[in-house]
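1. The following comprises the amino acid sequence and a computationally predicted model.
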Amino acid sequence: MNKNTLPILPYGFDALEPYIDARTMEIHYTKHHQTYADKFNAALEKYPELFEKPPKDLLQDLSSVPQDIRIAVQNHGGGFVNHSFFWDCLAPKDVYALPSETLHKKLHDTFGSVDSFKEQFTSAALGLFGSGWTWLVQKENKIEIITTQNQDTPLSFGATPLLALDVWEHAYYLKHQNRRADYIRDWWNVVNWKKVEERMGL
Ligand code: MN
């Protein structure tokens, strides 16, 4: 039986300073993400055969998950998968700081301009009531911005995540307290655009 374990962070806790502080990264990864993994594993223990399935497959088809653990898989499995994805959306400033020409054009064609994409994404994140995520996703050859509540993942809605922003307060309150807008403004500095392009097959 292979329990689900956290991916290794591709950078140090302090690598995203000053935009995302080291203490927040450490707690977010070692406490929040770890707890999702632990509770996800605990839920699967009742049906050990599900450890053989990639977590993404379970979330893509929640109706196939036994009903008595479905909500736990949705919440904790979602939290496990979303955070694994989120770490890979980030990189130290200036490493992959700007979208390449191809991605630039794609964002331009869909949203009017890269700035307009950022504005629309930011506004979706600011408008999300409570805890959840803002995403750039691909669905049926179209890219679009969506939000999900709690730890729900676009995978459960037939969409492929391209970029994720965690807007739970645990992602920013140590440095930014309740100032979600400041956190989002800082977050744009550490987006790993190269990963977004890879996921789009560009
Ligand atoms: Mn989080």
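-> Looks like it arrived, so ask away.
2. hey, let's count contacts and neighbours off CA atoms from now on
-> Noted.
3. Find the residue ranges of the chain scoring beneath the pLDDT cut-off.
-> Applying pLDDT under 70 to the chain flags residues 1.
4. Okay, strands next: where are they in it?
-> 132-139, 142-149, 160-166 (DSSP state E).
5. Now that we have these, can you turn them into JSON lines and tack on mean neighbour count and distance to Y96?
-> Converted to JSON lines, the strands of the chain look like this (neighbours: other Cα atoms under 10 Å; distance: least, Cα to Cα, whole Å):
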{"stretch": "strand 132-139", "mean neighbour count": "21", "distance to Y96": "17"}
{"stretch": "strand 142-149", "mean neighbour count": "17", "distance to Y96": "20"}
{"stretch": "strand 160-166", "mean neighbour count": "23", "distance to Y96": "14"}
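6. Can I get those in a markdown table including distance to G12?
-> Output for the strands of the chain, formatted as a markdown table (distance: least, Cα to Cα, whole Å):
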| stretch | distance to G12 |
| --- | --- |
| strand 132-139 | 23 |
| strand 142-149 | 28 |
| strand 160-166 | 19 |
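7. Could you point out which of the ones you listed sits nearest A181?
-> strand 160-166 (12.3 Å; Cα to Cα).
8. what's the angle from the closest one to strand 132-139?
-> 160 degrees (axes from the mean of the first three to the mean of the last three Cα atoms, to 10 degrees).
9. Neighbouring strands - and their directions - for strand 160-166?
-> strand 132-139 (antiparallel) (DSSP bridges).
10. quick one: the strand it pairs with to chain centroid distance?
-> Relative to its chain's centre, strand 132-139 lies at 8 Å (Cα atoms, centre = their mean, to the nearest Å).
11. Check stretch 87-95 too.
-> 13 Å.
12. buried set for that stretch?
-> W87, D88, C89, L90, A91, P92, K93 (16 or more other Cα atoms under 10 Å).
13. Name the surrounding residues that touch it.
-> 9-11, 15-17, 163-164, 189-193, 195-196 (Cα atoms under 8 Å, 6 or more residues apart in numbering).
14. ok, back up a step: just tell me which of the strands of the chain ends up closest to T102.
-> Each of the strands of the chain has some distance to T102 by Cα to Cα; the shortest is strand 142-149, at 14.0 Å.
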